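**Student:** just to be clear, the model below is a prediction. Sequence and coordinates:
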Amino acid sequence: MNTWSLGVDREGLPFAKRDLSADEVVAIFGPHISTTAANQLLRILHGRRVAGTLDDPALRVNTMVFSAEHQKRALEYLRSRVPVDEIANAGLRAEDELAALENGAAGDEGGQAEQPGSGPEYGTRLKLYRETDSKPAAKDSKPAAKESVYGPSALDAIRAQKKAQWEAELERREAERKKREEEERHGVAGPLQVADKPPVRQLSPKMQEYMRKGQSDLKEPPKMKKWQRLLPSAAFVVAVCGLCLAFAVVYRPPKRADRLFPDIPPAAATVGALMLANLIGWALWKIPPIWGFLNRHFIIVAATPRAPMMLSAVFSHVSLLHLLQNMAILWFLGVRLHDDIGRGPFLATYFASGAVGSLGMLTWAVLRNRLDLCSLGASGAVYGVGAAYFWLHRFEYFKIFGLPPPPSEGIQGLALLALAAGLNLSGYFTAARFKVDITSHLVGMVAGIVAAYLLERTRPANQQQSARATHRDSLAKAPSAAKA
């Protein structure tokens, strides 16, 4: 393959009116390829589809930098969005190659042999690859085109039109740039900025210093074996679960007179304290001088894990929306679970689910060599609390905001558990897996179900019946959710 063909192949063909955005690239290819590289790969492969050169080994030098998985995903995307008859184009390309070989053989007989694929008239009917003359031509000269027996190519006409439009656009941009530079040089005020492009706010030097100190100096993850990354955190989580189990067994609630806030129900006080702790954790992220401390101790980093992070990250939120979502679920289901099982088992379930969920996320990231991942938030603990509650009431029926309407009895707790698990599992097949820690959700649910199972095995039957009766009374008074 000649160098001109390689150059045209490297440019490729536009596959859409605009390039893919960063979010679209992540959804199609994953996070391990830049937006520019992904769009370049799509243009190259689309050009080959049109030219019929997908299987040409001489062109693979232009795609060697891309992984086989990225090339596979790019072809799947192009074939689903931009239909092209690749087989027909490959056939036309093969006919052109055969014709070039025959022309070369004819040249041999006439004493003017040329190598197949060489010569200015060698090309394809699609005219994506055409070699220039071996001698440099004048700037204004045009190579003599051999008339095709198939008539003029529609692709040539489209390409010429697009090329002319692009050259005109480049000239317009260059003229605008020169005019703008001239105005700036002579102090002429430019036009008002477009409203949909707000000016980029420059960070103050002090804020830039805080950001620099808050970041790690590591150029790459430390060289460690998988078990070296996981073992300390796993041992810490086992210890936390053991302490939670002991606390659930030995804890006895104080008398009303000994409580700090006797007028507040125990469930509301306990859940409210957890919500306050999470709110403080969110507020700490708004203090730039302590960003470095928070990055080291309140966020799980797969590349440099620390054992205490398995628990401290449970009380850490950066996004206010993330905090509000978790706290709303914790209040709605946490109070009811607390009424069912008491303060000791409730706190044990919360902390154990959060720690086990964090360990699950770390294990998943390390085993898949995703050392760039990090996670924080109370989602694992909240999912554990919700799973424990619905497991204890798995055969009972629930109505949320009066839905489903009569005559339906409602939705079983077991069905709600399956729905939550299914929604999280489906997230693994969408772009949500790059933004949401789905693994900690699922592992936290498993931890909550195990905690509820252990409670059922250890609690007396009469205590369970009394707790469920109390739960039914409290739920009947709640306007937001009621059992059928």
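**Tutor:** That came in fine, so what should we check first?

**Student:** surely K399 is within a helix?
**Tutor:** No - counting by DSSP: H, G, I helix; E, B strand; the rest coil, K399 falls outside a helix, being strand.

**Student:** surely it and G410 touch.
**Tutor:** Yes - here K399 lies in contact with G410, judged by Cβ atoms under 8 Å, at a distance of 4.4 Å. Heads up, the C-betas are built off the backbone N, CA and C, glycines and all.

**Student:** could you find the closest non-adjacent residue to Y428?
**Tutor:** Leaving out its chain neighbours, the residue that sits closest to Y428 by Cβ to Cβ, 6 or more residues apart in numbering is I438, at 6.1 Å.

**Student:** now do the same contact list for that neighbour.
**Tutor:** For I438, the contacting residues are 424-425, 427-428, 432, by Cβ atoms under 8 Å, 6 or more residues apart in numbering.

**Student:** same check, this time on P262
**Tutor:** Neighbouring residues of P262 by Cβ under 8 Å, 6+ apart: R256.

**Student:** can you pull the phi/psi pair for it?
**Tutor:** Main-chain dihedrals, P262, degrees, to the nearest 10: phi -70, psi -20.

**Student:** in the chain, which ranges drop under the pLDDT threshold?
**Tutor:** Low-confidence segments of the chain, defined by pLDDT under 70: 1-7, 104-155, 184-203, 460-484.

**Student:** per-domain residue ranges of it.
**Tutor:** 1-134, 227-482 (automatic domain parsing).

**Student:** which one of those domains is the most hemmed in?
**Tutor:** domain 227-482 (a mean of 18; mean count of other Cβ atoms under 10 Å).

**Student:** circling back: could I get the domains of the chain in TSV, plus columns for distance to K219?
**Tutor:** Output for the domains of the chain, formatted as TSV (distance: least, Cβ to Cβ, whole Å):
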stretch	distance to K219
domain 1-134	18
domain 227-482	11
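
**Student:** export the contacts of I438 to JSON lines and tack on distance to W227 and secondary structure?
**Tutor:** Shown next, in JSON lines, are the contacts of I438 (distance: Cβ to Cβ, whole Å; DSSP: H, G, I helix; E, B strand; the rest coil):
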{"residue": "N424", "distance to W227": "27", "secondary structure": "helix"}
{"residue": "L425", "distance to W227": "27", "secondary structure": "helix"}
{"residue": "G427", "distance to W227": "28", "secondary structure": "helix"}
{"residue": "Y428", "distance to W227": "25", "secondary structure": "helix"}
{"residue": "A432", "distance to W227": "30", "secondary structure": "helix"}
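
**Student:** which members of those are the farthest-apart pair?
**Tutor:** The distance between the two most remote of the contacts of I438 (Cβ to Cβ) is 11.2 Å, for L425 and A432.

**Student:** just the contacts of I438 now: which is nearest F351?
**Tutor:** N424 (21.2 Å).

**Student:** can you tell me how far the closest one is from L260?
**Tutor:** Applying Cβ to Cβ, to the nearest Å, the value for N424 to L260 is 37 Å.

**Student:** likewise for I280?
**Tutor:** From I280 over to L260 the distance is 18 Å, taken as Cβ to Cβ.
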